[in-house]
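In: Here is my input; please provide its structure:
(one chain, ligands or ions: 2)
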Amino acid sequence: MTTNIKLINWVNEMTELCKPDSVYWCNGTDKEYEQLTKELIDNGTFIKLNESIRPNSFYCRSDPNDVARVEDRTFICTENKENAGPNNNWVAPKEMKELLLKKFNGSMKGRTMYVIPYSMGPIGSDISQIGVELTDSRYVVCNMKIMTRMGQPVLDVLGNKNFVHCLHSVGAPLNEGQKDSYWPCNPEKYIVHFPEEKSIWSYGSGYGGNALLGKKCFALRIASNMAREEGWLAEHMLIVGITSPEGEKKYIAAAFPSACGKTNLAMLTPTLPGWKVETIGDDIAWMKFGEDGRLYAINPESGFFGVAPGTSMDTNPNAILSMNKNTIFTNVALTPHGDVWWEGMTDHQKPEKLISWLGQDWTPDSKGNAAHPNARFTTPAVQCPVIDSAWEDPKGVPISAILFGGRRAKVVPLVYEALNWQHGVFMGSIVSSETTAAATGKVGKVRHDPFAMLPFCGYNMGDYFAHWLSIGDQADTSKLPKIFYVNWFRKDKSGKFLWPGYGDNIRVLKWIFERTNNVDSAIKTPIGYLPKSDAIDVSNMDFPSENMKEILTIDNELWLDDAKDIREFYSIFGERLPKNLLKEVDMLEERLKS
Ligand code: OXD
Ligand code: MN
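Out: Numbers count the residues shown, from 1 in each chain. Ligands and ions are numbered 1, 2, ... in the order given. Next comes the predicted model:
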């Protein structure tokens, strides 16, 4: 329980507004989880998986229209529209509040309102932040239990301090005697952020990124605002530790757009003997300067909410092993043995008969996928066989390199390195990628996604670029991480991927690792430093030197086209775009033309 008056008053106010039948304060215990999962089973939301195959795990199917983040229904409501920027949907806070007050009025009738106090980051760490989510969804409570540290211990640390107010309703009130849906939601959705008062109001969706408010809404959109005010970074990045055969260990952070393999890189099984990769986080990094002037990162989450399709013992054995118990699966397929399946899970052996994510009988001859392409697993981070021993270190881990990347079939080479911090910020700002199923909308279209933060930056992205530049100005440059750009997805003329990816990405990480030790293994090109022709270790793999040449080729004409496109993209930020980034485009063009 709590004596925090702000919290008690807010819960009372929201109870009056949403009119739930009852209010329940979550304590975060396993007993509570057990009770909630039982109720979800009784409601038809969860199916218990076979206990002897996958203990304490559950299968869940969402409404077919509530399967991904809804970027066009996501809003940043600041007093001044310019502060939300062209990268966000904006409505004036007063107008949006009036609308939301109507939507939330009575929205929890017939349901329980759960109060979830949660910590993003280890409880009590200086880098951690506390939020409280009020929700009428048991599915959300169960997922929050895995993804955050939640319950009474958080209230104890919160004391009388302030917290991020997070209100969530599926927007499906129940009339007296009305039977509940297995996945209650509302066709009209609002995922709304008020950065100036640090609150989040989410209505109509039960999907992870829209409803687990600690994740994208708080740890990225609200936290990016806090980070800018306080001089730190809240980023869409995985964090891993890499140890060389000589026993030297370094940590790197990497930003890739949604569903571009962050979880795979975070848990990579190296194909180079002697190298070790250990996981700190797979989606979000909060980075602050330590007393020694280096950037330190924590993973604010305590679980993985990963994309299931494509994950297998070949592509990511550590993810598969992480989810062998205590896991919630959403929108995958169900096997006759009471286990789960998805496309790419067992390439060599397709199950004969399944129930698809739509709840229909499915065989390999059926039309459509058995699992939704954005089907997810929610699993505790501590179950990852390669979780790093420092993953809960409240100080965080020192970062030696920052990687940016996206899905680009053409133009962008396998890897290149920034000339300096400002050029690295420029590289982050020009990330573009083919869209994936993680958000609703067209899949496979190249879009600009600067720093992989386009859907998650909670303020004007022009100011965000300036913030990144100012981090460089504040720091001792010799202590800043080096910046790199990688592209695992380049294709040859016949449309085949040139690079095998997955465990072989250690070969690229090895070059990056060496570059952070200033090894002389790069050549200067117009776009930055590229590996010398023999610098990427391809020992014990079949990778012809022509392919290496092709994947490291820079076509000046194509890059000049990209530069034009970058200028056009930059122009949407008007006066808010830092002049130094425009200078970087000028310099890039000059280098490409000379
Ligand atoms: C995610 C996403 O769920 O980026 O991590 O969409
Ligand atoms: Mn993500």
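In: Between the two ends of stretch 488-495, how far is it?
Out: One end of stretch 488-495 to the other measures 14 Å (C-alpha to C-alpha, to the nearest Å).
In: per-residue pLDDT, the nearest residue to residue 151 once chain neighbours are set aside?
Out: Using C-beta to C-beta, 6 or more residues apart in numbering and skipping residues adjacent in sequence, the residue nearest residue 151 is residue 28, 1.9 Å away. Where C-beta positions appear, they are placed from N, C-alpha and C, glycine not excepted. With respect to pLDDT, residue 28 scores 96.
In: how near is residue 28 to residue 165?
Out: 19 Å (C-beta to C-beta, to the nearest Å).
In: With adjacent residues omitted, what lies nearest to the residue of the stretch 351-500 of the chain found nearest ligand 2?
Out: Per C-beta to the ion, residue 438 is where the stretch 351-500 of the chain lies closest to ligand 2, at 7.0 Å. Nearest residue to residue 438, sequence neighbours excluded (C-beta to C-beta, 6+ apart): residue 258, at 3.4 Å.
In: per-residue confidence at the one you found?
Out: Residue 258 is given a pLDDT of 85.
In: right, and it touches residue 453 too?
Out: No: with contact defined as C-beta atoms under 8 Å, residue 258 does not reach residue 453; the gap is 10.9 Å.
In: Pretty sure residue 154 sits against residue 122.
Out: No: if you go by C-beta under 8 Å, residue 154 and residue 122 don't touch, sitting 11.1 Å apart.
In: Mind checking which of these two has more residues around it?
Out: For residue 154 versus residue 122, neighbours defined as other C-beta atoms under 10 Å are more numerous around residue 154 (24 against 20).
In: Which pLDDT value goes with the more buried one?
Out: For residue 154, the model assigns a pLDDT of 97.
In: check contacts around it.
Out: For residue 154, the contacting residues are 28, 117, 118, 119, 123, 130, by C-beta atoms under 8 Å, 6 or more residues apart in numbering.
In: got it, and residue 538?
Out: With the criterion set at C-beta under 8 Å, 6+ apart, residue 538 makes contact with 507, 548.
In: Angles on the backbone of residue 193, please.
Out: phi -120, psi 140 (degrees, to the nearest 10).
In: what's the neighbour count on it?
Out: With other C-beta under 10 Å as criterion, residue 193 counts 29.
In: hmm, back to that, who are the contact partners of the residue of the stretch 351-500 of the chain closest to ligand 2?
Out: So residue 438 contacts 68, 69, 209, 257, 258, 259, 307, 374 (C-beta under 8 Å, 6+ apart).
In: closest to residue 585 among the residues you listed?
Out: Closest approach to residue 585 among the contacts of residue 438 (C-beta to C-beta): residue 257, at 21.5 Å.
In: Surely the closest one is in contact with residue 437?
Out: No: judged on C-beta under 8 Å, residue 257 makes no contact with residue 437 at a distance of 11.8 Å.
In: in the sheet, who's paired with residue 334?
Out: Taking DSSP bridges as the rule, residue 334 bridges to residue 340, residue 355.
In: picking up where we left off before, where's the residue nearest to residue 438 relative to residue 195, distance?
Out: For residue 258 relative to residue 195 (C-beta to C-beta), the value is 21 Å.
In: Can you check what pLDDT the model gives residue 347?
Out: Value for residue 347, per-residue pLDDT: 75.
In: Need the three-state assignment for whichever residue of the stretch 101-250 of the chain sits closest to ligand 1.
Out: Per C-beta to the nearest ligand atom, residue 209 is where the stretch 101-250 of the chain lies closest to ligand 1, at 4.8 Å. Here residue 209 is recorded as helix under DSSP: H, G, I helix; E, B strand; the rest coil.
In: mind listing what it touches?
Out: 68, 69, 215, 216, 305, 438.
In: Kindly provide the distance from the third one to residue 140.
Out: Distance, residue 215 to residue 140, by C-beta to C-beta: 11 Å.
In: Looking at these two, which one has more neighbours?
Out: residue 215 (25 against 22).
In: Touching, the more buried one and residue 302? I think so.
Out: No: using C-beta under 8 Å as the test, residue 215 is too far from residue 302 to be in contact (11.2 Å).
In: how far away is the closest residue to residue 267 other than its chain neighbours from residue 481?
Out: Once flanking residues are discounted, residue 267 sits nearest to residue 318: 3.8 Å by C-beta to C-beta, 6+ apart. Counting by C-beta to C-beta, the gap from residue 318 to residue 481 is 24 Å.
In: now do residue 325
Out: Distance from residue 325 to residue 481, by C-beta to C-beta: 36 Å.
In: which one of the two has more residues nearby?
Out: More neighbours surround residue 481 than the other of residue 325 and residue 481, with 23 against 16 (other C-beta under 10 Å).
In: can you tell me which residues contact that one?
Out: By C-beta under 8 Å, 6+ apart, the neighbours of residue 481 are 252, 253, 295, 399, 400, 401, 402, 516.
In: mind putting those residues in a markdown table, secondary structure, distance to ligand 1 and pLDDT included?
Out: Shown next, in a markdown table, are those (DSSP: H, G, I helix; E, B strand; the rest coil; distance: C-beta to the nearest ligand atom, whole Å; pLDDT from 0 to 100):
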| residue | secondary structure | distance to ligand 1 | pLDDT |
| --- | --- | --- | --- |
| 252 | strand | 19 | 98 |
| 253 | strand | 15 | 98 |
| 295 | strand | 22 | 97 |
| 399 | strand | 20 | 98 |
| 400 | strand | 24 | 98 |
| 401 | strand | 21 | 98 |
| 402 | strand | 18 | 98 |
| 516 | helix | 27 | 98 |
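In: Kindly reformat those as JSON lines containing neighbour count.
Out: Formatted as JSON lines, those follow (neighbours: other C-beta atoms under 10 Å):
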{"residue": "252", "neighbour count": "27"}
{"residue": "253", "neighbour count": "24"}
{"residue": "295", "neighbour count": "24"}
{"residue": "399", "neighbour count": "22"}
{"residue": "400", "neighbour count": "22"}
{"residue": "401", "neighbour count": "20"}
{"residue": "402", "neighbour count": "28"}
{"residue": "516", "neighbour count": "16"}
